[in-house]
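Peer 1: this one's sequence-less:
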């Protein structure tokens, strides 16, 4: 999918760190409002579980296919604004579980990435209700190849290398990161490490901390901590957020990948 722009021009990316709730219709209005706020962006990124938060409704009760009303409405919003929108949703699986799907939609196309690595860790078992995806996904924004990843995927460098092998110079990670001791530090370290592993930009957008807007923790469900960040191809923090909701448009230059890959040629030097 592509928005027609000169190849390898800087890309304007809106990071929409929101707190989604249990109602998909209300969350759709959040998407509409934050796309409006992201004026001038080429790519507008919302977190994992934008359609419905974890710890709220049963996921199978809200799941819809990519051609269903929720995803179709997001597409209409994206097309009207002339942007590509990424937003976490849930799609049905025949066995009664769902797929944790990152919707990728806009004027150039409409597709999804199904989260490959499921969060069976820290006392939470995502695989009980979610089926894993199998395929890595890239897409195009103005001539720049962008890779897709979701939350727990960030702990698996092989996926990020596979995306870089497919030409990705920017990799987007959407998340609803679980809270707990050391979890913020792990999140920030992992995002920066994946940027350094692949000498790529990594744009990581998480759910804001519900406590920052006065909402209680929902049991053990991973409902977000905030602290979205962007790491450059040398693994340096380029943009950082705090815990509360915020939408910010940043400019990144895909051409900065080339000097990083020349200086740190890990992708060509690897042996395994």
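Peer 2: Ah, there it is. Here the structure is a predicted model, which means the values were calculated and not measured.

Peer 1: so what's residue 60 closest to, chain neighbours aside?
Peer 2: Nearest non-adjacent residue to residue 60, counting by Cβ to Cβ, 6 or more residues apart in numbering: residue 98, 5.7 Å away. C-beta here means a position set from N, CA and C on the backbone, and glycine is covered the same way.

Peer 1: wait, isn't that neighbour in contact with residue 58?
Peer 2: No - under the criterion of Cβ atoms under 8 Å, residue 98 makes no contact with residue 58, lying 9.4 Å away.

Peer 1: in its sheet, what does the helix or strand of the chain with the lowest mean pLDDT sit against?
Peer 2: None of the helices or strands of the chain scores lower by mean pLDDT, DSSP states H and E than strand 124-125, at a mean of 90. Applying DSSP bridges to the sheet, strand 124-125 is found paired with strand 120-121 (antiparallel).

Peer 1: pull the distance from the strand it pairs with to the chain's centre.
Peer 2: Offset of strand 120-121 from its chain centre (Cα atoms, centre = their mean, to the nearest Å): 19 Å.

Peer 1: thinking again about what came up before, what's the neighbour count on the residue nearest to residue 60?
Peer 2: Neighbours of residue 98 under the rule other Cβ atoms under 10 Å: 22.

Peer 1: next one: residue 210
Peer 2: Residue 210, neighbours per other Cβ under 10 Å, totals 23.

Peer 1: repeat for residue 14
Peer 2: Using other Cβ under 10 Å, residue 14 has 23 neighbouring residues.

Peer 1: need the next SSE after whichever helix or strand it is part of, C-terminal direction.
Peer 2: In the assignment (DSSP states H and E), residue 14 maps to strand 11-17. Next in sequence after strand 11-17, counting helices and strands by DSSP H and E, comes helix 24-37.

Peer 1: what's the mean pLDDT across the strand holding residue 14?
Peer 2: Average pLDDT, strand 11-17: 98.

Peer 1: quick one: that strand to helix 24-37, angle?
Peer 2: Comparing the axes of strand 11-17 and helix 24-37 via axes from the mean of the first three to the mean of the last three Cα atoms, to 10 degrees yields an angle of 140 degrees.

Peer 1: what is strand 11-17 packed up against?
Peer 2: In terms of contacts (3 or more Cβ pairs under 8 Å, 6 or more residues apart in numbering; DSSP states H and E), strand 11-17 is packed against helix 24-37, strand 43-45, strand 201-206, strand 246-252.
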